[in-house]
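Novice: here is my input; please provide its structure:
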Amino acid sequence: MRTPTPQVVRDPSLPERVTVYEVGPRDGLQNEPTVVPVETKAEFVRRLVDAGLPVVEATSFVHPRWVPQLADAAELLDLLGDPAGQAVPMPVLVPNERGLDRAIDKGVRHIAIFGSATETFAQRNLNRSLEEQFAMFEPTVARAREAGMDVRAYVSMCFGDPWEGEVALDQVVSVGRRLFDLGASQLSLGDTIGVGTPGHVTALLSAFRDAGLGVEHLAMHFHDTYGQALSNTQAALRAGVMTFDASTGGLGGCPYAESATGNLATEDLVWMLDGLGIETGVDLGKLVATSVWMAEQLGRPSPSRVVNALAGG
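Specialist: A predicted model of the protein is given here:
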């Protein structure tokens, strides 16, 4: 029997090519109950690069007390080699200037910061108020740009907050606009607890456009908690978004929000994009093999529907 592939039906109204921004090694593994050996993490990143992922977020320089799963960030970067010689960008999340210092010391060229669209999550995740987060990020971004780094800004809780409930569109846009104006080259809008729906996605992207920030500066980061991630991706595609975050095998969530389960699986995203005739450069077969391998390392099956369908479990 042939290996199944989606039949391609091209919609000319959708982008011809999109960037799949792989977050599995960082956002995926940070929520694992046990620490994955650093050699396994390095192999994971190498396999993802070999599968054609154009960006692979490698790790985070967060304090080990808060995310012990990523305490080996410096050692991992050493195993992956000189960032200046890497053909594929391997961004590192930095929470503040101390994290930036460590990134600079390792020669990192691409970093990300992680902001919040809500007061409660800012307090819980950053130990700062919604307003205070900007004062914390401003020198971090300024120094990074002076050092020639590219800076991405995540905005969490864009579609709902487990403590505050609904989040007003204008509040999300205000936070995103301020982070972008600090010097970020791209905003990643996160549905951290997976409650967004397609109409909500369309409305939020329209609100950003009305505020002068077009889709060329935006990426989407969906969670599949309520099974809406691919539907939401389609809505964003129709609005012109061309960068989507995903995690191989559907690994991860957020360690500071218990309801933030299940990143959009990279394989599920690529299967849909392949069927739409949208180029990604990703080899789905290699990606599935990588997920199967990582599931073996973690001792549990992948939640990705595509991985289970193609790998037989």
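Novice: which residue ranges of the chain form strands?
Specialist: Under the criterion DSSP state E, the chain contains strands at 19-22, 55-56, 59-60, 92-93, 110-116, 150-156, 186-191, 218-222, 243-246, 253-254, 257-261.
Novice: tell me the most buried of those strands?
Specialist: Of the strands of the chain, the one with the most neighbours on average (mean count of other Cβ atoms under 10 Å) is strand 59-60, at a mean of 28. C-beta: built from backbone N, CA, C; applies to glycine.
Novice: so which elements touch it?
Specialist: On a contact count with 3 or more Cβ pairs under 8 Å, 6 or more residues apart in numbering; DSSP states H and E, strand 59-60 meets helix 73-80, strand 92-93.
Novice: out of the strands of the chain, flag the one nearest residue 7.
Specialist: Closest approach to residue 7 among those (Cβ to Cβ): strand 19-22, 20.7 Å.
Novice: would you reformat the strands of the chain as JSON lines and include mean pLDDT and distance to residue 30?
Specialist: Below are the strands of the chain laid out as JSON lines (pLDDT from 0 to 100; distance: least, Cβ to Cβ, whole Å):
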{"stretch": "strand 19-22", "mean pLDDT": "98", "distance to residue 30": "14"}
{"stretch": "strand 55-56", "mean pLDDT": "98", "distance to residue 30": "15"}
{"stretch": "strand 59-60", "mean pLDDT": "97", "distance to residue 30": "7"}
{"stretch": "strand 92-93", "mean pLDDT": "98", "distance to residue 30": "9"}
{"stretch": "strand 110-116", "mean pLDDT": "97", "distance to residue 30": "11"}
{"stretch": "strand 150-156", "mean pLDDT": "98", "distance to residue 30": "13"}
{"stretch": "strand 186-191", "mean pLDDT": "98", "distance to residue 30": "14"}
{"stretch": "strand 218-222", "mean pLDDT": "98", "distance to residue 30": "14"}
{"stretch": "strand 243-246", "mean pLDDT": "98", "distance to residue 30": "14"}
{"stretch": "strand 253-254", "mean pLDDT": "52", "distance to residue 30": "8"}
{"stretch": "strand 257-261", "mean pLDDT": "48", "distance to residue 30": "11"}
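Novice: redo those as CSV? Include distance to residue 168.
Specialist: Formatted as CSV, the strands of the chain follow (distance: least, Cβ to Cβ, whole Å):
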stretch, distance to residue 168
strand 19-22, 26
strand 55-56, 31
strand 59-60, 29
strand 92-93, 26
strand 110-116, 14
strand 150-156, 14
strand 186-191, 14
strand 218-222, 18
strand 243-246, 23
strand 253-254, 21
strand 257-261, 19
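Novice: quick one, which of the ones you listed is nearest to residue 35?
Specialist: The nearest among the strands of the chain, by Cβ to Cβ, is strand 59-60 at 12.5 Å.
Novice: what lines up beside that closest one in the sheet?
Specialist: Within its sheet, and counting by DSSP bridges, strand 59-60 is paired with strand 92-93 (parallel).
Novice: how far away from the center of its chain is the partner strand?
Specialist: Between the centre of strand 92-93 and the centre of its chain there are 11 Å (Cα atoms, centre = their mean, to the nearest Å).
Novice: what does that strand rub up against?
Specialist: For strand 92-93, contacts defined as Cβ atoms under 8 Å, 6 or more residues apart in numbering pick out 26, 57-62, 73, 77, 99, 103, 106, 108, 110-114, 154.
Novice: kindly report the same for stretch 191-203.
Specialist: With contact meaning Cβ under 8 Å, 6+ apart, stretch 191-203 is reached by 121, 156-162, 169, 220-226, 228-229, 231-232, 234-236, 238-239, 254, 257, 259-262.
Novice: now the buried members of these.
Specialist: Neighbour-count burial (16 or more other Cβ atoms under 10 Å) is assigned, among the contacts of stretch 191-203, to 121, 156-162, 169, 220-225, 228-229, 232, 235-236, 238-239, 254, 257, 260-262.
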